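**Q** Give me coordinates for this.
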Amino acid sequence: MLGASFISTLIGKHIPGDGALWVSQSFEFLLPVRIGDTLTISAKIIEKYDTQRMLVLETDIVNQHKQTVVRGVAKVKKMEQAEPVVESTDTPVAPVVIVVGASRGIGAQTAIQLAGAGYRVAVVYSKDKSGADEVVATITSQGGQASGYCADVRDSVAVAGMVTAVIRQYGTVTDLVFGATSKIIATDFGSLTWPDMASHLDIQVKGAFHCIQNVLPEFCQNKRGSVVVLGSVAADGTPPLKWAGYTASKAALVSLVKSLAVEYGPQGIRFNAVSPGMTDTGLIADIPEKARMLAKMQTPLRRLAQCEDIAGTIAFLLSPAARHITGETIRVNGGQVML
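**A** Now for the predicted structure:
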């Protein structure tokens, strides 16, 4: 067996060489191998299967007396090698990100921060045109590129038209941030109607469905792309009282992210979620001041999150620094929820 082990070197170094997988080997031990013998190990290709990248080798070990001491047959598979990375000499093209729900709050701050990092930004809004125009004006005043687009994410036709318009203007789409959300109204489950539940699901789950499905063809063609959705710590641990619709929709959104991460990971497309804790935005305007103070005191960092905190995490997940992160939920809550 010591003599036969040299066949491994032959396969790994010469036939077929680097990236070879030794699948099977049969041996006939014809003569003993003794201390002091000089062995010659050879392999001859006797069959080749291109579709399976498989070679069948006739392997022989001969001693200094030209006697065959070991004979066998090996099956070897040549593993597919990654193409070497070739540095492009072309001027890099700025990435294009669609930020849904970018007219205010976390979405607006995300759009501004990504523009500062060199992204061309599609600022997508549903009703707040003046807010979107203000975000676009802020970006352009700082030397960035941005345009506003109106689309109701519940409407598949409107979303398809929006994505087509972005690609027509910028040439491609490389990233998507989905931050559309629904108003939180604490309601007894006994008083809750299905339309109340559906309003949350339509905006957050159905809306994400439409947006993701429309950017995927471009991502698949480019063999790359990144999606970040805005979740919530309300879907983690013990949910807030009487938030059934909002909490259920956020949980479904995070589950969708995980499913798509598994399905599209082999194509180089990443899906992640950012789940903020209570954040100082207009979304919490109806939450009593006492509840906000209590949330602060229950948070190890003793403060509510700011939009910049969430936007920075989203920017990280879109960046090359996070290229090996997919299917994850990053919680930005000052330590309020630790999993």
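**Q** which stretch of helix or strand covers K250?
**A** Secondary structure here is read from DSSP states H and E; on that basis K250 sits in helix 244-264.
**Q** And for I325?
**A** Here I325, judged by DSSP H and E, is contained in no helix and no strand.
**Q** what's it sitting at in phi/psi?
**A** With angles defined as degrees, to the nearest 10, I325 sits at phi -110, psi 120.
**Q** wait, isn't it in contact with N272?
**A** Yes. Shown here, I325 and N272 form a contact pair, counting by C-beta atoms under 8 Å, at 6.2 Å. All C-beta atoms are positioned from the backbone trio N, CA, C, and that covers glycine.
**Q** returning to what we had before: can you pull out the residues in contact with the helix holding K250?
**A** Here helix 244-264 makes contact (C-beta atoms under 8 Å, 6 or more residues apart in numbering) with 182, 184, 187, 189, 192, 196-197, 199-201, 203-205, 208-209, 212, 216, 219-220, 227, 229, 231-232, 234-235, 239-240, 269-273, 275, 326-327, 329.
**Q** Who are the contact partners of S42?
**A** Contact analysis of S42 by C-beta under 8 Å, 6+ apart lists L10, T59, D60, I61, V62.
**Q** Kindly provide the distance from it to I7.
**A** From S42 over to I7 the distance is 9 Å, taken as C-beta to C-beta, to the nearest Å.
**Q** what is in contact with the two at once?
**A** Counting by C-beta under 8 Å, 6+ apart, the common neighbours of S42 and I7 are T59, I61.
**Q** Please pull out the lowest mean pLDDT helix or strand from the chain.
**A** Least confident element among the helices and strands of the chain, by mean pLDDT, DSSP states H and E: helix 289-297 (a mean of 63).
**Q** Next secondary structure after that one?
**A** Next along the chain after helix 289-297, taking DSSP H and E as the criterion, comes helix 307-318.
**Q** which SS class is the residue nearest the centre of the chain?
**A** With distances taken as C-alpha atoms, centre = their mean, the chain has R270 as the residue nearest its mean C-alpha position (1.6 Å). Remark: R270 carries the secondary structure label strand [criterion: DSSP: H, G, I helix; E, B strand; the rest coil].
**Q** Shouldn't I98 be within a strand?
**A** Yes. The secondary structure assignment for I98 places it in a strand, going by three-state DSSP.
**Q** Quick check, pLDDT for it.
**A** The model reports I98 with a pLDDT of 98.
**Q** neighbours around the nearest residue to it once chain neighbours are set aside, how many?
**A** With C-beta to C-beta, 6 or more residues apart in numbering as the measure, A122 is the residue that lies nearest to I98, at 4.4 Å, once sequence neighbours are left out. Residue crowding around A122 was assessed by other C-beta atoms under 10 Å; the count is 29.
**Q** Quick one: mean pLDDT over stretch 21-36.
**A** Taken as a whole, stretch 21-36 has an average pLDDT of 89.
**Q** got the CA positions of it in PDB?
**A** As requested, C-alpha coordinates have been extracted for stretch 21-36 and formatted as PDB (Å, rounded to 0.1, in the frame of the first residue of the first chain):
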ATOM      1  CA  LEU A  21     -10.900  14.300  -7.400                       C
ATOM      2  CA  TRP A  22      -9.800  10.600  -7.000                       C
ATOM      3  CA  VAL A  23     -13.100   8.800  -7.200                       C
ATOM      4  CA  SER A  24     -12.100   5.100  -7.100                       C
ATOM      5  CA  GLN A  25      -9.200   2.800  -7.400                       C
ATOM      6  CA  SER A  26      -8.800  -1.000  -7.800                       C
ATOM      7  CA  PHE A  27      -5.500  -2.800  -7.100                       C
ATOM      8  CA  GLU A  28      -3.800  -6.100  -7.900                       C
ATOM      9  CA  PHE A  29      -0.700  -6.700  -5.800                       C
ATOM     10  CA  LEU A  30       1.400  -8.900  -8.100                       C
ATOM     11  CA  LEU A  31       4.700  -8.900  -6.300                       C
ATOM     12  CA  PRO A  32       6.100  -7.700  -3.000                       C
ATOM     13  CA  VAL A  33       7.800  -4.300  -2.700                       C
ATOM     14  CA  ARG A  34      10.900  -4.400  -0.600                       C
ATOM     15  CA  ILE A  35      13.100  -1.800   1.100                       C
ATOM     16  CA  GLY A  36      15.600  -0.500  -1.400                       C
END
